[in-house]
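Participant: here is the input, now give the coordinates:
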Amino acid sequence: MRIAYVLGGLAAAGLLLAGCGGGGANDAGKPAAATSSAPPEKRPHVPCPIPSKQLTVSLDGHAGAENVGILMADSRGYFGDVGLHVRTLVPATPQLGVEYVAAGADDIGVTPQPQAVMTREIGEPIVVFGSVISEPTEAMIWLRGSGIGDVADLKGKTIATPGGSFQQGFLEQALAKAGLTPDDVEVLNVGYQGVRELLQGKVDAIFGDSANIAGKALEARGAKPVVTPVQEFGIPAYDELEIVTRSQCVAKNPALYRHFMAAVKRGTKAAVEDPRAAARVIEEDIEADPEASRKQTEAQLEATLPLLSQSGHIDLAQASDLVAWMHRVGMIEREPPVEQLFTNEYLAP
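Facilitator: Okay, the predicted model is just below:
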């Protein structure tokens, strides 16, 4: 079962005592929609998970093509096959997943690699132990016919982002390529609503949403997006999505995390081999994007399945290059040790 974090009007401490980011129910008995982006409060002595207990896994967003390997592993019982009980959750805003893990509110999270770097750089004891998507998918997107021909035309315009702290740095680099600064535009953090805000004309462009997700959602809804990948702005290669946990926990019970990655590997393979079944798993999820259509889901899967990492392997040299670049452009003050932040030790053979 998957729920969305609900923090509005509730004490964070109370939510953490419940063992997850929190959740609420509507009159139909389904979880209420997320309402706040408030970060969790840290608990200094959170016990690490054990296989006999339920693992909480914070996804990177709504159930969808990018995390279908985890969803398939859950749906087909692959976690149960290795003795794990998994509950997946949707954070109130995309950037909060890694924060819930660092705070001990959730056991495992899915997060962009640059966000993991920034989280570790400020001293949070996290470790990345698997890759979900091993190449960048984020982009700058505007609509054809909007009068925007290139990034320079965004001067005085409004740009929506999902709100990740690393996306602010990426956007600054993208604007600089066109001779602009953040002061030349208005930036709105809109969480999961970038596509809607763009279609409704509330923003002129979105930055930080993925071409294979937001781009395909726009096309499925009749729009004609102009998509510029972040690498065209000089941003180096990185893993779009990775799997993260607390360092002390993976050291305490390595078998648990090996079993988790083995199940995800099976789930990813199953999704790649049977896209129709993958689409059904997404559509059946009660926290899937409520505006998504079957056409949209299938288009997103078609674009995303070839990008999924079937091995979970992290390119440590690529990660090192990203960390060095983030330091060089001022996104981080210190370079966290790559060998401590990223590991392939817990991957299934």
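Participant: skipping adjacent residues, who's closest to Asp285 in space?
Facilitator: Counting by Cβ to Cβ, 6 or more residues apart in numbering, the nearest residue to Asp285 once its immediate chain neighbours are dropped is Ala63, at 3.9 Å. Bear in mind the C-beta positions are built from the backbone N, C-alpha and C, glycine included.
Participant: neighbours around that neighbour, how many?
Facilitator: Close neighbours of Ala63, defined as other Cβ atoms under 10 Å, add up to 24.
Participant: equivalent analysis for Gly156, please.
Facilitator: Neighbour tally, Gly156, other Cβ under 10 Å: 10.
Participant: what about the helices in this protein?
Facilitator: 12-17, 68-75, 78-81, 96-103, 113-121, 165-177, 194-199, 216-220, 247-252, 254-273, 275-284, 294-304, 316-328, 338-341 (DSSP state H).
Participant: how about the residue of the chain most remote from its centre, phi and psi?
Facilitator: Taking Cα atoms, centre = their mean, the residue of the chain most remote from its mean C-alpha position is Gly147, at 30.8 Å. Main-chain torsions, Gly147, degrees, to the nearest 10: phi 90, psi 0.
Participant: if I look at it, how far off is Gly156?
Facilitator: The spacing between Gly147 and Gly156, counted by Cβ to Cβ, to the nearest Å, is 12 Å.
Participant: likewise for Val226?
Facilitator: For Val226, the distance to Gly156 - Cβ to Cβ - is 18 Å.
Participant: from Gln115, how far out is the most centrally placed residue in the chain?
Facilitator: Geometric centre of the chain, nearest residue: Asp60, 2.8 Å, by Cα atoms, centre = their mean. Separation of Asp60 from Gln115 (Cβ to Cβ) stands at 9 Å.
Participant: so what are the domain limits for this protein?
Facilitator: 2-134+239-314, 138-233 (automatic domain parsing).
Participant: Gln173 against Phe233, yeah?
Facilitator: Yes - counting by Cβ atoms under 8 Å, Gln173 touches Phe233, with 5.6 Å between them.
Participant: so these two - more neighbours on which side?
Facilitator: Phe233 (20 against 16).
Participant: so what's that one closest to, chain neighbours aside?
Facilitator: Closest to Phe233 by Cβ to Cβ, 6+ apart is Ala174, at 4.0 Å.
Participant: I'd like to know how far the one you found sits from Leu305.
Facilitator: For Ala174 relative to Leu305 (Cβ to Cβ), the value is 27 Å.
Participant: same question, Asn67
Facilitator: From Asn67 to Leu305 the distance is 12 Å (Cβ to Cβ).
Participant: about what we covered before: settle this for me: the residue nearest to Phe233 is touching Val230, isn't it.
Facilitator: Yes - counting by Cβ under 8 Å, Ala174 touches Val230, with 7.0 Å between them.
Participant: who touches both of the two?
Facilitator: Shared contacts of Ala174 and Val230 (Cβ atoms under 8 Å, 6 or more residues apart in numbering): Met140.
Participant: re the thing from before, neighbour count for Asn67 and Leu305, which is higher?
Facilitator: Asn67 (28 against 19).
Participant: show me what contacts the more buried one?
Facilitator: Asn67 touches Leu59, Asp60, Gly61, Thr88, Val110, Val132, Leu241, counting by Cβ under 8 Å, 6+ apart.
Participant: how about the residues you listed in a markdown table, adding pLDDT?
Facilitator: As requested, the contacts of Asn67 are exported to a markdown table (pLDDT from 0 to 100):
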| residue | pLDDT |
| --- | --- |
| Leu59 | 94 |
| Asp60 | 92 |
| Gly61 | 89 |
| Thr88 | 93 |
| Val110 | 97 |
| Val132 | 98 |
| Leu241 | 97 |
